[in-house]
Structures are given as structure tokens and as C-alpha cells.
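Asks: for reference, the sequence and a predicted model appear below.
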Amino acid sequence: MKRRDFIRSTGAVGLAAAASMGTTLAQADSTSGSPKHSFKLKYAPHFGMFKDLGGSDPVDQLKFAADQGFTAWEDNGMKGRSDQEQTRIAKAMESLGITMGVFVAHGNFGQVSFAGFDSNPKIKSARDGVVKDIEASVEVAKRVNAKWMTVVCDAYDPKVEWGYQTANCVELLKRCSEVCEPHGLVMVLEPLNWWRDHPGLLLHKIPQAFEICKAVDSPSCKILFDIYHQQIQEGNLIPNIDMAWSEIGYFQCGDNPGRKEPGTGEINYRNVFKHIHSKGFEGVMGMEHGNSSGGVEGEQAVIDAYVAADNF
């Protein structure tokens with residue numbers, strides 16, 4: 001449905017009412033039967049993306065998303081929620097048939113840890129702290145039925161050659177993999193772009209992540225291929241997806257520039273999604289982006305964007 005058709009069909013009064021009665025709308029939709037859309041990939045919204053259409057309560061947002069046809073969800077901040085809230089959300093996802101995507105297990109953008117040497121006491125403490133973060137994240141993953149967890153490899157050391165830093169990163173990830181492997185959990189390493197958002201991080205390119213994952217050689221250490229970040233950092237999206245395929249465990253998306261829904265920038269998401277689907281990908285495509293406009297209309301535009309991009 002096009003945005004102008006949505007506005008015409010609901011009317012200005014209906015839009016205003018929906019904005020103030022999101023929970024009621026979500027409850028009404030939940031009785032409508034089959035989902036409105038059947039997506040080819042497991043696109044995963046996040047809390048807040050459908051707060052006006054779905055309601056302020058997280059469970060109501062999950063219900064609304066399921067009614068629209070979304071079959072996955074991600075929550076970077078899941079680890080910071082109370083045990084009770086994690087359990088409540090997990091039960092709702094299970095009842096709705098929603099797959100839990102990533103949450104952030106570790107990330108400290110200002111700290112040298114993965115890149116550093118254990119011989120430095122301060123860095124050794126930071127590296128031990130990463131392992132503790134992963135251990136704590138295992139318990140969260142169990143509670144919310146998650147398989148994947150995001151790991152950012154922190155800052156690089158401008159005074160140390162890259163080869164040493166890469167080797168140190170591999171060794172720490174081997175320790176972390178030993179924590180995850182018995183539980184069947186997967187750390188997905190996220191390269192983040194240097195050119196616009198995150199200068200100074202150790203991991204910023206897909207070939208670099210591929211090299212590290214190959215060296216770690218564990219089913220618990222894979223790549224999070226964030227299409228937004230990699231369009232900025234190196235482009236050449238489909239060939240890089242193909243070359244790194246054996247080590248990719250998870251995808252996230254957002255258009256560039258702006259980091260909003262597909263169709264708002266330069267990336268041909270229909271072709272990218274089609275290619276990923278053609279390779280048999282059955283994992284999650286995290287919708288890690290903002291809405292290009294606010295309110296009910298903006299939220300409907302996000303849904304429409306995925307319907308269009310998934311039409312291949």
C-alpha cells in the first residue's frame with residue numbers, strides 16, 4: 001500500500017486517533033487472523049519502531065509486528081532489561097512465533113581490549129572483562145531464546161601494528177567462543193564504519209572480520225554484516241557478501257545516507273535482499289535504522305518500504 005493511499009483510506013481523523021490509541025489498534029489487529037504480509041526474509045524491527053501504531057507496551061508492539069507479518073525481532077538493549085521483563089518479552093515472542101535476533105553482548109568504543117596485549121595489566125583486566133560480559137550474556141540469551149549476540153571489538157591501538165592487534169583479537173575471541181560453544185550461541189562481530197559514525201574502532205571492514213573469524217575457527221564466532229555500515233565503509237555489497245558468505249551469521253540494514261528504511265537512500269535493497277534470499281539465507285535481517293518520518297504515517301511508511309523491497 002502506498003503512503004498516500006494509506007492516508008486517503010484512514011483519513012486525518014483516523015490517523016490522529018491511532019496515534020493516541022496505539023494499544024487499542026494493536027489489540028484490534030491481533031484478532032484479524034492471518035498476517036497482512038508474507039515476507040521472504042525474517043525482517044526484525046525493534047522496540048519503538050511501531051510505538052504509535054502498536055502501542056507503548058513492548059508486548060503490544062510485538063503483537064502489531066506479528067500481525068503485519070514480521071517474524072523476527074531484535075533489541076540491542078535487551079541485556080539492560082530486568083529478568084522479569086526479559087521473560088515477559090520472550091514469552092510473548094514465543095507465543096507469536098517471533099524469532100529473537102541480536103542483543104548487544106559487549107561493546108566499549110573507547111577501550112582497547114580485543115586489540116591489546118595481556119602483558120599490560122590494565123588491558124588484561126579489560127580483556128578479562130569482555131569474557132565476563134559474554135558469560136553474563138549467555139544467561140540473557142537463555143532467558144530470551146536468543147541464538148545471536150552482537151560483539152563490538154572495541155578500539156584499536158594507534159601505536160601498535162595491525163598484525164599484532166589482529167592476533168590479540170583472535171586469541172580473545174577464542175576464549176569467548178569457548179564460553180558460547182556449549183550453549184550453541186553465536187557471537188556476531190560487527191564491523192562499524194570509520195568514515196561517518198565510529199572512527200577509531202578495531203573492526204571496520206568485512207574482509208577484516210572474515211580474516212578474524214577464519215582464524216578463530218568456531219561456529220560461535222561469525223560476522224554481523226550491517227549493510228548500512230558497509231555501504232559507507234567499502235561498498236561493493238553483493239560481491240563482498242559472496243566472498244564473506246561462509247562466515248556471515250546475521251545481517252542488519254538501513255539505507256544510506258540517513259540510516260532510515262529502504263528506499264530512502266542510494267542502496268537498491270530489492271536487489272540486495274533478492275540476492276541474500278537466493279543464497280538460501282534463513283537467518284535474521286535486523287532493521288537497525290530509524291524511521292524517515294514520525295507518527296503513524298512514518299511507521300506505515302516503514303512497513304510499506306519492506307513490502308516493496310521484499311517484492312522480488
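Replies: Looks like it arrived, so ask away.
Asks: measure residue 42 to residue 247 for me?
Replies: Going from residue 42 to residue 247 by CB to CB, to the nearest Å gives 19 Å. Placement of C-beta: from N, CA and C, glycine included.
Asks: that should have said residue 138, apologies.
Replies: Residue 138 is 21 Å from residue 247, by CB to CB.
Asks: and if you look at residue 36?
Replies: 35 Å.
Asks: before we move on, the earlier item: which of residue 138 and residue 247 has more residues huddled nearby?
Replies: It is residue 247, of residue 138 and residue 247, that has more neighbours when counted by other CB atoms under 10 Å, with 20 against 17.
Asks: now that one: how far from residue 221?
Replies: As judged by CB to CB, residue 247 and residue 221 stand 8 Å apart.
Asks: which one's the longest helix in the chain?
Replies: The longest helix of the chain (DSSP state H) is helix 121-144.
Asks: avg pLDDT for it?
Replies: The pLDDT scores in helix 121-144 average 98.
Asks: buried set for that helix?
Replies: The neighbour-count check on helix 121-144 (16 or more other CB atoms under 10 Å) flags 123, 126, 127, 130, 133, 134, 137, 138, 140, 141, 144 as buried.
Asks: then stretch 244-253?
Replies: So for stretch 244-253, counting by 16+ other CB under 10 Å, buried means 244, 247, 248, 249, 250, 251, 252, 253.
Asks: okay, how far is it across it, tip to tip?
Replies: In terms of CA to CA, to the nearest Å, the two terminal residues of stretch 244-253 are separated by 17 Å.
Asks: what's the answer for stretch 181-193, then?
Replies: With CA to CA as the measure, stretch 181-193 spans 29 Å from end to end.
Asks: same check, this time on stretch 280-289
Replies: Start and end residues of stretch 280-289 are separated by 24 Å (CA to CA).
Asks: quick one, strands of the stretch 101-250 of the chain?
Replies: Secondary structure of the stretch 101-250 of the chain (DSSP state E, counting those that start in this stretch): strands located at 104-106, 148-151, 186-189, 221-226, 248-252.
Asks: starting from the shortest one, tell me which strands it pairs with and how they run.
Replies: This means strand 104-106. strand 148-151 (parallel) (DSSP bridges).
Asks: give me the contact list for the partner strand.
Replies: With contacts defined as CB atoms under 8 Å, 6 or more residues apart in numbering, strand 148-151 is touched by 76, 101-107, 134, 137, 141, 176, 185-190, 224, 249-250, 283-284.
Asks: residues contacting the closest residue to residue 213 other than its chain neighbours?
Replies: Spatial nearest neighbour of residue 213, chain neighbours left out: residue 247 (4.2 Å); criterion: CB to CB, 6 or more residues apart in numbering. Contacts for residue 247 (CB under 8 Å, 6+ apart) come out as 209, 210, 213, 214, 222, 223.
Asks: quick one: low-confidence ranges for the chain?
Replies: The chain contains residues with pLDDT under 70 at 1-32.
Asks: identify the residue nearest the residue positioned nearest the centre of it in space, chain neighbours excluded?
Replies: Ranked by distance to the mean C-alpha position of the chain (CA atoms, centre = their mean), the top residue is residue 286 at 3.9 Å. Leaving aside its sequence neighbours, residue 286 sits nearest to residue 252 (CB to CB, 6+ apart; 3.9 Å).
Asks: ok, now residue 131?
Replies: Closest residue in space to residue 131, ignoring its immediate chain neighbours: residue 175 at 5.5 Å, by CB to CB, 6+ apart.
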